[in-house]
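Student: quick one: sequence and predicted model below, then my questions.
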Amino acid sequence: MNGTAIAATGLRKAYKDKIVLDGVDLNVRTGTIFALLGPNGAGKTTTVNVLTTLLTPDAGKVVVAGHDVVTQTRAVRAAIGVTGQFASVDDLLTGEENLLLMADLLHLPKAQGKAIADRLLERFELTEAAGKPAASYSGGMRRKLDLAMTMVGKPQIIFLDEPTTGLDPRSRRTMWEIIRELVADGMTIFLTTQYLEEADQLADRIAVLDQGRLVAEGSAAELKRRVPGSHVRLRFSDRPALDIAARVLPESTRDDDELTLRVPGDGGVRSLRALLDRLDAHFIEAEELSVHTPDLDDVFLALTGHARTEVNAR
């Protein structure tokens with residue numbers, strides 16, 4: 001795969017006269033987590049459906065795990081796993097039976113399927129619940145079982161479509177740990193999520209899709225630097241110190257109640273040193289200093305013009 005798990009060039013898809021994907025380029029490195037964000041109608045799910053061979057692109061070239069999604073569909077499907085927003089487990093079967101069913105569907109020998117099921121139950125901390133019907137599982141347990149079923153075929157790449165939607169915070173963080181462990185083992189994760197914090201926490205690279213076009217791509221830190229609003233917050237011990245600092249830093253915004261100044265800046269080491277040197281020159285010392293940068297909510301709003309509540313849509 002030469003270090004590239006997924007490569008798409010000029011990806012286009014339309015339904016009659018409605019263009020859903022308009023020249024999308026993607027490059028996902030092997031052994032990384034790639035997050036795709038997009039507001040309502042952005043084309044996020046259509047992108048995933050093309051990458052997983054469920055839809056045929058109208059134009060462009062897409063290679064997944066070294067195979068063309070149009071001409072080598074079977075090879076692509078053998079190399080990937082897909083876990084949707086809604087767990088696809090069979091509620092009438094036990095956890096172990098769900099895994100064994102998946103092994104049967106993959107035509108694995110009985111002994112091998114049993115060994116894989118046992119290993120996955122242990123890895124996902126489901127051994128104690130292995131003999132219980134999936135209907136009795138909590139939301140977090142069902143998501144873990146669903147992901148374990150995806151792992152039976154030992155995929156190189158896993159597509160996770162909103163894997164933590166509806167989970168409580170503790171279950172969500174458990175799922176994050178599992179995802180990180182999978183990547184540590186060399187797997188590639190293509191993630192779609194409605195939680196910007198999730199993309200911030202997990203993704204090595206993030207792409208923002210809007211109206212069928214990629215409007216930005218980069219690490220979380222790179223995307224945040226594209227949005228204005230970074231500042232340094234200085235808090236002083238008393239009003240006289242605040243007054244002097246405000247005169248020294250006329251570009252700042254003061255808060256008399258909090259005894260603070262908000263100074264525009266990128267938060268870099270060089271600019272922080274220059275700021276402190278200006279204060280030192282007037283024998284002023286701040287009681288507290290903190291650097292504030294835009295979060296992914298700010299990035300998403302600035303890039304797409306959509307509120308964060310819309311990020312979960314297709």
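Tutor: Alright, I've got the coordinates. Residues are numbered from 1 along each chain as shown.
Student: residue most distant from the centroid, the protein?
Tutor: With distances taken from the mean C-alpha point of the chain and given as C-alpha atoms, centre = their mean, the most distant residue is residue 240, at 46.3 Å.
Student: that one sits in which helix or strand?
Tutor: Secondary structure assigned from DSSP states H and E places residue 240 in helix 239-248.
Student: show me how far that helix is from its chain's centre.
Tutor: Relative to the mean C-alpha coordinate of its chain, helix 239-248 is positioned 43 Å out (C-alpha atoms, centre = their mean, to the nearest Å).
Student: nearest residue to residue 225 in space, please, no chain neighbours.
Tutor: residue 266 (7.3 Å; C-beta to C-beta, 6 or more residues apart in numbering). C-beta here means a position set from N, CA and C on the backbone, and glycine is covered the same way.
Student: any idea how far the one you found lies from residue 288?
Tutor: Going from residue 266 to residue 288 by C-beta to C-beta, to the nearest Å gives 20 Å.
Student: which one's more surrounded, these two?
Tutor: Remark: of residue 266 and residue 288, residue 266 carries more neighbours, 14 against 11, as counted by other C-beta atoms under 10 Å.
Student: mind checking the SS state of the more buried one?
Tutor: When the structure is reduced to helix, strand and coil (DSSP: H, G, I helix; E, B strand; the rest coil), residue 266 reads as coil.
Student: isn't it right up against residue 226?
Tutor: No: under the criterion of C-beta atoms under 8 Å, residue 266 lies out of contact with residue 226, with a separation of 11.5 Å.
Student: rewinding a little: check the offset of the next helix or strand after the helix holding residue 240 from the chain's centre.
Tutor: Along the chain past helix 239-248, the next helix or strand (assigned with DSSP H and E) turns out to be strand 253-255. For strand 253-255, the separation from the chain centroid amounts to 35 Å (computed by C-alpha atoms, centre = their mean).
Student: strand 253-255: partners in the sheet, and parallel or antiparallel?
Tutor: According to DSSP bridges, the neighbouring strands of strand 253-255, each with its direction, are strand 260-264 (antiparallel).
Student: off-centre distance for the partner strand?
Tutor: For strand 260-264, the gap between its own C-alpha mean and the chain's C-alpha mean amounts to 32 Å (C-alpha atoms, centre = their mean).
Student: may I have that strand as CSV, with CA atoms only?
Tutor: Extracted as CSV, the C-alpha positions of strand 260-264 are listed here (Å, rounded to 0.1, in the frame of the first residue of the first chain):
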residue,chain,number,x,y,z
THR,A,260,-7.6,40.5,33.4
LEU,A,261,-6.3,41.6,30.0
ARG,A,262,-7.0,39.7,26.8
VAL,A,263,-4.1,40.2,24.4
PRO,A,264,-4.4,39.1,20.7
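Student: quick one: pLDDT of residue 296?
Tutor: On pLDDT, residue 296 comes in at 79.
Student: and the nearest residue to it once chain neighbours are set aside, how many neighbours?
Tutor: What sits nearest to residue 296 in space, not counting adjacent residues and going by C-beta to C-beta, 6+ apart, is residue 196, at 4.0 Å. A total of 20 residues lie near residue 196 under the criterion other C-beta under 10 Å.
Student: now residue 196: how far from residue 230?
Tutor: Summarising the geometry, the distance separating residue 196 from residue 230, computed by C-beta to C-beta, is 18 Å.
Student: could you do residue 266 as well?
Tutor: Distance of residue 266 to residue 230, given as C-beta to C-beta: 5 Å.
Student: thinking again about what came up before, now the helix holding residue 240: buried residues?
Tutor: For helix 239-248, the neighbour count (16 or more other C-beta atoms under 10 Å) marks 241, 242, 245 as buried.
Student: quick check, the last one in contact with residue 235.
Tutor: No: contact criterion C-beta under 8 Å: residue 245 and residue 235 do not qualify, at 10.2 Å.
Student: can you list residues touching both of those two?
Tutor: Common neighbours of residue 245 and residue 235 are listed as residue 286 (criterion: C-beta atoms under 8 Å, 6 or more residues apart in numbering).
Student: coming back round to it: would you list the buried residues of helix 239-248 in CSV and tack on pLDDT?
Tutor: Compiled in CSV, these are given as follows (pLDDT from 0 to 100):
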residue, pLDDT
241, 94
242, 95
245, 95
